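Asker: this one's sequence-less:
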């Protein structure tokens, strides 16, 4: 019979510990300032709950200084984070509406996301009247095997296909345009 290990107690918060912990976190995960602050605040709260002699407001002040330092060093940069996330989500076929929603949960303002989406659309896609949302909708069609990529009659049902794209955040016109593509034209755009 094995005995369960006791969880290690959290370390006391110090400036060097917080700095090292923050850098370790950023090496593993891309994070917005909001997301980084939330994660590190949870770590501080856990430590302060365990070590009663620590002062929570002082620890949070250390965190704010760390965030300012990381922003100066460009290790924590919301603009770079947004660009990376938009590129990644567009490649996976997310609609602009879905991207806005996901980034809002990460603490990114709507204006910042809108600006980056317009730039991304102008720089990456705007080819022959196709925009990033249309290409993303075609990627969803390929992924779900609907519309031009349908391989069975039930997958070709236009109502169900429209509903699938609507749930992914595409507007009616974009969804309808994507579903009306010919297979060879859709393949040339998506591949």
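Answerer: Arrived safely. As the structure is a computational prediction, the values presented were derived from the model and not from experiment.
Asker: in stretch 28-41, what's buried?
Answerer: Applying a neighbour-count criterion of 16 or more other C-beta atoms under 10 Å, the buried positions in stretch 28-41 are 31, 32, 33, 35, 36, 37, 39, 40. Quick note: C-beta positions are derived from backbone N, CA and C, even for glycine.
Asker: which two among the residues you listed are spaced furthest apart?
Answerer: Within these, 32 and 40 form the most distant pair, 12.6 Å apart (C-beta to C-beta).
Asker: mind checking how far residue 41 is from residue 33?
Answerer: With distances taken as C-beta to C-beta, to the nearest Å, residue 41 is found 12 Å from residue 33.
Asker: mean confidence score for stretch 79-89?
Answerer: Per-residue confidence for stretch 79-89 averages out to 91 on the pLDDT scale.
Asker: swap that for stretch 100-120, please
Answerer: In the prediction, stretch 100-120 has an average pLDDT of 89.
Asker: got the buried residues for it?
Answerer: Applying 16+ other C-beta under 10 Å to stretch 100-120 flags 100, 102, 103, 106, 108, 113, 116, 117, 120 as buried.
Asker: wait, the fifth one touches residue 77, no?
Answerer: Okay, so that is residue 108. No - between residue 108 and residue 77 there is no contact under C-beta atoms under 8 Å: 11.8 Å.
Asker: hang on, the earlier thing: so can I have CSV of the buried residues of stretch 28-41 showing pLDDT and distance to residue 86?
Answerer: Listed next are the buried residues of stretch 28-41 as CSV, based on pLDDT from 0 to 100; distance: C-beta to C-beta, whole Å:
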residue, pLDDT, distance to residue 86
31, 92, 15
32, 93, 13
33, 94, 17
35, 94, 16
36, 96, 19
37, 96, 21
39, 95, 22
40, 96, 25
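Asker: buried residues, stretch 69-79. List them.
Answerer: Going by neighbour count (16+ other C-beta under 10 Å), the buried part of stretch 69-79 is 70, 76, 77, 78.
Asker: for that stretch, which outside residues touch it?
Answerer: When contacts are taken as C-beta atoms under 8 Å, 6 or more residues apart in numbering, the neighbours of stretch 69-79 outside the stretch itself are 19, 22-23, 26, 31-33, 36, 67, 80, 108, 112, 116.
Asker: now intersect these with the helices, please.
Answerer: Judged by DSSP state H, helices contain the following of these: 19, 22, 23, 26, 33, 36, 67, 80, 112, 116.
Asker: for the fourth one, what are its contacts?
Answerer: Same thing as residue 26. 36, 70, 75, 76 are the contacts of residue 26 under C-beta under 8 Å, 6+ apart.
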